[in-house]
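Novice: predicted model and sequence follow; I will ask about them next.
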Amino acid sequence: MDGKALLGLEVMEDRTDGARCDEGFLTLRRLVLRNVYGDGSSSAPYPCDVLERPGSDAVVAVLYERHEGGIRVLLREAPRGPVYLRKHKAFVHPDPREYISILEVVAGLVEDGDAPGADGLRARAVIEAREEAGVEVAPSACVMLGGETFASPGTTDEKLYFCAVETPLAERGEAVGDGTVMEEWSRVHLVSLGEAIAMCRDGRIPDMKTEVALLRLADHLGYVPALDAFVEDLPAR
């Protein structure tokens, strides 16, 4: 929806006081754990909260193309309620920024019915590329980028799987979204790989999964961000 400027988000209702931990899209398990040791002893009990959501795992797809001798990547701009609402809280380290929207690579939750393994992840990446970026790709174009990683292991069991998709970005269509109001407003930006990595490092892109995905893509392509050059183009020793 490129025709409207996004001014901010409004909280229409706060259901926190009357809500249970086990209802809603995100659920919270409040557990008491203890460590069990090899000598038969165990630690004192301690509390552990686990934030969960349906499917839990997600695929992160960095869409790119070779452009004017370099690499150009697709970034999606969209509002993110949790970070926007930071402005109503006080932090030990004050944050003067207002996150009306943030830039991210394409990503989406693995859903019930998706096939297990790499084939299912590639199929999910295809769906997310179409919904979030208007890009049609074949599953065979999705190359897995290394092993999976946990998003925030101290609070959630969500695991992220990374892949790269080389595709002509200028030939994209309209992003259709997933049908939810949350996905109603978004914009697509095409940025050089080096600039996108620099934006992650100076805070213009404050999203960890995007930085990891871009750096893994750079490794995959033999691109050295600090030199803004490809390994194959560097002078031989």
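Specialist: Ah, there it is. Since the model is a prediction, treat every value here as computed from it, not as a measurement.
Novice: please state the backbone phi and psi of residue 107?
Specialist: Phi and psi for residue 107, reported as degrees, to the nearest 10, are phi -160, psi 160.
Novice: again but with residue 217, I slipped
Specialist: Main-chain dihedrals, residue 217, degrees, to the nearest 10: phi -60, psi -40.
Novice: how close does it get to residue 14?
Specialist: For residue 217, the distance to residue 14 equals 40 Å [CB to CB, to the nearest Å]. For every residue, glycine as well, the C-beta is placed using N, CA and C.
Novice: the two: which is more packed in?
Specialist: Taking neighbours as other CB atoms under 10 Å, residue 217 and residue 14 compare with residue 217 leading, 26 against 8.
Novice: how much space between residue 10 and residue 125?
Specialist: In terms of CB to CB, residue 10 sits 33 Å off from residue 125.
Novice: looking at the two, which is more packed in?
Specialist: Neighbour count, other CB under 10 Å: between residue 10 and residue 125, residue 125 has more, with 29 against 5.
Novice: would you list every one of the helices in this structure?
Specialist: 81-84, 117-133, 193-201, 208-221 (DSSP state H).
Novice: redo the ones you listed as a markdown table? Include mean pLDDT.
Specialist: A markdown table is the format used below for these (pLDDT from 0 to 100):
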| stretch | mean pLDDT |
| --- | --- |
| helix 81-84 | 93 |
| helix 117-133 | 95 |
| helix 193-201 | 97 |
| helix 208-221 | 98 |
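Novice: out of the ones you listed, nearest to residue 227?
Specialist: helix 193-201 (9.4 Å; CB to CB).
Novice: from the contact counts, what lies against the closest one?
Specialist: Counting contacts by 3 or more CB pairs under 8 Å, 6 or more residues apart in numbering; DSSP states H and E, helix 193-201 is packed against strand 70-78, helix 208-221.
Novice: show me the contact partners of stretch 115-133.
Specialist: 59, 61, 63, 74, 76, 106-108, 110-111, 114, 135-140, 142, 144, 161, 163, 165, 167, 172, 175-178, 183, 186, 188 (CB atoms under 8 Å, 6 or more residues apart in numbering).
Novice: do stretch 152-168 as well
Specialist: Stretch 152-168 is contacted by residues 49-53, 56-66, 107, 110, 121-122, 125, 129, 135, 137, 141-146, 148-151, 209, 212-213, 216-217, 220 when judged by CB under 8 Å, 6+ apart.
Novice: switch to 6 Å and redo it
Specialist: 51, 56-65, 121, 125, 135, 137, 141-145, 148-151, 209, 213, 216-217, 220 (CB atoms under 6 Å, 6 or more residues apart in numbering).
Novice: returning to that earlier point: which of the contacts of stretch 115-133 fall within strands?
Specialist: Residues of these located in strands (DSSP state E): 59, 61, 63, 74, 76, 106-108, 142, 144, 161, 163, 165, 188.
Novice: out of these, who's nearest residue 27?
Specialist: residue 108 (19.2 Å).
Novice: burial measure for the residue lying closest to that closest one once chain neighbours are set aside, as a count.
Specialist: Leaving aside its chain neighbours, residue 108 sits nearest to residue 128 (3.8 Å; criterion: CB to CB, 6 or more residues apart in numbering). Neighbour count for residue 128, taken as other CB under 10 Å: 24.
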